[in-house]
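[1] Build me a model from this:
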Amino acid sequence: MAVITAAMVKELRVKTDAPMMECKKALTEAEGDMARAEEILRVKLGNKASKAAARIAAEGVVSIYISEDGKIGSIFEVNSETDFVAKNPEFQQMAADAARMVAEKNPADIAALGALEVNGQTLEATRTALVGKIGENMTFRRFKRIEAQGKLHQYVHGGSKIGVLVDMVGGNDEVGHDVAMHIAALKPKALDANGVDPELLATERRVAIEKAREAGKPEAMLERIAEGTVQKYLKEVTLLSQPFVKNDKMSVAELLKQNGASIASFVLFVVGEGIEKKQSDFAAEVAEQMAAAQKA
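    Predicted coordinates for the structure are as follows:
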């Protein structure tokens, strides 16, 4: 039998926002398998077990650079410990310089980016000096560079907490801006069904079947119910199928068609997505409650 630790319960609670004892029960049933435990909670608790995707646990900024001709662009995320530092002009300038260097120099990875020079000093040296000056850790997290098939458009929201870079063929600047804004608002996972991770679809299918089975639906109907759930999920998470945020009477695909445009690709960065803030007393709280429950 797998040993369920306080740290495992903590991790599952952060992912799902489910009660601690429900997390422990799910982990026990799943024999310590985190992904399976999350599925069990989704079956039992519904959408409450999907809150992790909306939880932003680290500070910082997203910076975007687009060349004058709109053909080369980049999006870059740098993290800080506090929002106070994220608003620092020197921190923001460092982020802007890094985004520009990604576009202009096409570094292979974060280490290569840090080795690039701006104003006679490497970006890594700039980061290190700023850490020493401010007294707070900062990390270059991720970047993406795009060579456009059409023209690049951007949208930055929430004090540079959300950034979107869109490669649109045809259309005009207004449509490009609107689509980028839509992506920031509805956060699609992919352009269309072909871009969705098959494992995500398999998970949706399994959860739908188990929920329908627990609801007493006939076995013969389970696959049909699961297929309907998957199609609904795809409509919610794929850009072209989503109702346009400024006019939900049409889909994004219909908006693009009306304007003679298509989307070649897009990138969405949300600051701190998937990073957990340090909560020094949480593990102790979990351990104490588990111990109390066991005694009871």
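[2] Tell me the helix or strand right after the helix or strand containing residue 144.
    Counting by DSSP states H and E, the element that carries residue 144 is strand 138-147. Using DSSP H and E, the helix or strand that follows strand 138-147 in sequence is strand 151-157.
[3] neighbouring contacts of the strand holding residue 144?
    Identification of contacts with strand 138-147 by C-beta atoms under 8 Å, 6 or more residues apart in numbering yields 60, 71-81, 85, 91, 98-99, 102-103, 106-107, 110, 113-114, 123, 127, 130-131, 152, 165, 167, 265, 267, 269, 275. Where you see a C-beta, it was placed from the backbone N, CA and C, and this is true even at glycine.
[4] give me that answer again for 7 Å
    With contact meaning C-beta atoms under 7 Å, 6 or more residues apart in numbering, strand 138-147 is reached by 71-80, 91, 98, 102-103, 106, 110, 113-114, 127, 130-131, 152, 165, 167, 265, 267.
[5] Quick check: buried residues in it?
    Applying a neighbour-count criterion of 16 or more other C-beta atoms under 10 Å, one finds 138-141, 143, 145-146 buried in strand 138-147.
[6] Reformat those residues as CSV; add pLDDT and distance to residue 246.
    Formatted as CSV, those follow (pLDDT from 0 to 100; distance: C-beta to C-beta, whole Å):
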residue, pLDDT, distance to residue 246
138, 88, 36
139, 90, 35
140, 93, 34
141, 94, 31
143, 98, 29
145, 98, 29
146, 98, 24
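[7] which ones among the contacts of strand 138-147 are found in strands?
    Of the contacts of strand 138-147, the ones assigned to strands by DSSP state E are 72-80, 152, 165, 167, 265, 267.
[8] In CSV, list those along with pLDDT, neighbour count and distance to residue 40.
    Formatted as CSV, the ones in strands among the contacts of strand 138-147 follow (pLDDT from 0 to 100; neighbours: other C-beta atoms under 10 Å; distance: C-beta to C-beta, whole Å):
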residue, pLDDT, neighbour count, distance to residue 40
72, 98, 18, 46
73, 98, 25, 42
74, 98, 26, 40
75, 98, 27, 36
76, 98, 28, 37
77, 97, 26, 32
78, 95, 24, 37
79, 92, 19, 32
80, 91, 25, 36
152, 98, 29, 43
165, 98, 27, 37
167, 98, 22, 39
265, 97, 16, 35
267, 98, 20, 33
